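Undergrad: sequence first, then the predicted structure:
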Amino acid sequence: GEDVEQSLFLSVREGDSSVINCTYTDSSSTYLYWYKQEPGAGLQLLTYIFSNMDMKQDQRLTVLLNKKDKHLSLRIADTQTGDSAIYFCAEWDNDMRFGAGTRLTVKP
Amino acid sequence: DVKVTQSSRYLVKRTGEKVFLECVQDMDHENMFWYRQDPGLGLRLIYFSYDVKMKEKGDIPEGYSVSREKKERFSLILESASTNQTSMYLCASSLVGVYNEQFFGPGTRLTVL
């Protein structure tokens, strides 16, 4: 089947930028997503990007899409301790496929 | 706000027991999903349903069945629980279209002894 891959851990200091990377294999994906899961909670949609876009900015979040390389990234500017969570990359093409999740730890 | 609720946050069952996990959504969503979440494996789709009484197998349906008798309720059934079904189970719902955002419940952590 198609795979969505992302690194499992990322650790940054408070105030730094975080960049979480994801690669996917299905070139026909129409939407790509970033979900956030805080401890003890379900997943919440953080942001999404349509496949014909290459960048989307939403306050501290910047999503970059390189469709040629099938690479998606999420940049969080001025990372705060409240950003500590697991971040899931997902793609949609008839069904939703999730990556394994990147656990972001923010150190004070 | 869309609300997806799951019947239990924590559940402990014994091997061989029949287990029911219930999920209810209050926004009239057509689509409902059951995932299991395991460390390092992310979310894996067990079953989904796009309408009442309709169901489709996901990536890992073995050992599970589902029931959708009403639009708002989607049940996951473990006919005979096994220890390898110890996991976090997440329910989600979505509308058709509307960039397919899925709304998730808080999860049920199931332990099978």
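TA: In hand now; what should we look at?
Undergrad: strands along the chain, start to end?
TA: Since you didn't name a chain, this refers to chain A. A:4-6, A:9-13, A:18-24, A:31-37, A:43-50, A:55-58, A:61-66, A:71-76, A:85-92, A:96-98, A:102-107 (DSSP state E).
Undergrad: hmm, I had chain B in mind actually
TA: B:4-6, B:10-13, B:19-25, B:31-38, B:42-49, B:56-57, B:65-70, B:73-78, B:87-94, B:103-104, B:108-112.
Undergrad: hmm, the last one touching chain A?
TA: No. When contact is scored as CB under 8 Å from any CB of the partner chain, no part of strand B:108-112 falls within range of chain A; the minimum is 9.4 Å. Yep, even glycine has a C-beta here, placed from its N, CA and C like the rest.
Undergrad: check which residues of that strand are buried.
TA: By neighbour count on 16 or more other CB atoms under 10 Å in any protein chain shown, the buried set for strand B:108-112 is B:108-110, B:112.
Undergrad: with respect to residue A:22, which of those is nearest?
TA: Each of these was scored against residue A:22 by CB to CB, and residue B:109 proved nearest at 26.0 Å.
Undergrad: tell me the contacts of residue A:8?
TA: A:100-103, B:40 (CB atoms under 8 Å, 6 or more residues apart in numbering or on different chains).
Undergrad: need the max-distance pair from those residues.
TA: By the measure CB to CB, A:102 and B:40 form the most distant pair in the contacts of residue A:8, at 11.4 Å.
Undergrad: higher neighbour count, those two?
TA: A count of neighbours by other CB atoms under 10 Å in any protein chain shown puts residue A:102 above the other of residue A:102 and residue B:40, at 22 against 7.
Undergrad: show me the beta-bridge partners of the one residue sitting closest to the centre of chain B.
TA: Nearest to the geometric centre of chain B sits residue B:34, at 2.8 Å (CA atoms, centre = their mean). On the basis of DSSP bridges, residue B:34 is bridged to residue B:47, residue B:91.
Undergrad: now residue A:3: closest residue in space that isn't a chain neighbour?
TA: residue A:25 (5.4 Å; CB to CB, 6 or more residues apart in numbering or on different chains).
Undergrad: check residue A:96 too.
TA: The nearest residue in space to residue A:96 (CB to CB, 6+ apart) is residue A:90, at 5.5 Å.
Undergrad: ok, that neighbour touching residue A:32?
TA: Yes. With contacts counted by CB atoms under 8 Å, residue A:90 reaches residue A:32, the gap being 7.1 Å.
Undergrad: what about chain A, any weak spots by pLDDT?
TA: A:1-2 (pLDDT under 70).
Undergrad: that one against chain B: which residues are in contact?
TA: A:1, A:4, A:8, A:31, A:33, A:35, A:40-45, A:48, A:50, A:88, A:92, A:95-96, A:98-101.
Undergrad: out of the residues you listed, which are buried?
TA: Buried members of those, scored by 16+ other CB under 10 Å, are A:4, A:31, A:33, A:35, A:42-43, A:45, A:48, A:88, A:92, A:96, A:98-101.
Undergrad: which of the residues you listed lies closest to residue B:50?
TA: Closest to residue B:50, out of all of these and judged by CB to CB, is residue A:96, at 12.7 Å.
Undergrad: any idea how far residue A:16 is from the closest one?
TA: Distance, residue A:96 to residue A:16, using CB to CB, to the nearest Å: 31 Å.
Undergrad: re the thing from before, now tabulate the strands of chain B in CSV and tack on mean pLDDT and distance to residue A:84.
TA: Converted to CSV, the strands of chain B look like this (pLDDT from 0 to 100; distance: least, CB to CB, whole Å):
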stretch, mean pLDDT, distance to residue A:84
strand B:4-6, 95, 23
strand B:10-13, 95, 23
strand B:19-25, 97, 27
strand B:31-38, 94, 18
strand B:42-49, 91, 18
strand B:56-57, 91, 35
strand B:65-70, 96, 34
strand B:73-78, 97, 30
strand B:87-94, 94, 18
strand B:103-104, 92, 19
strand B:108-112, 96, 20
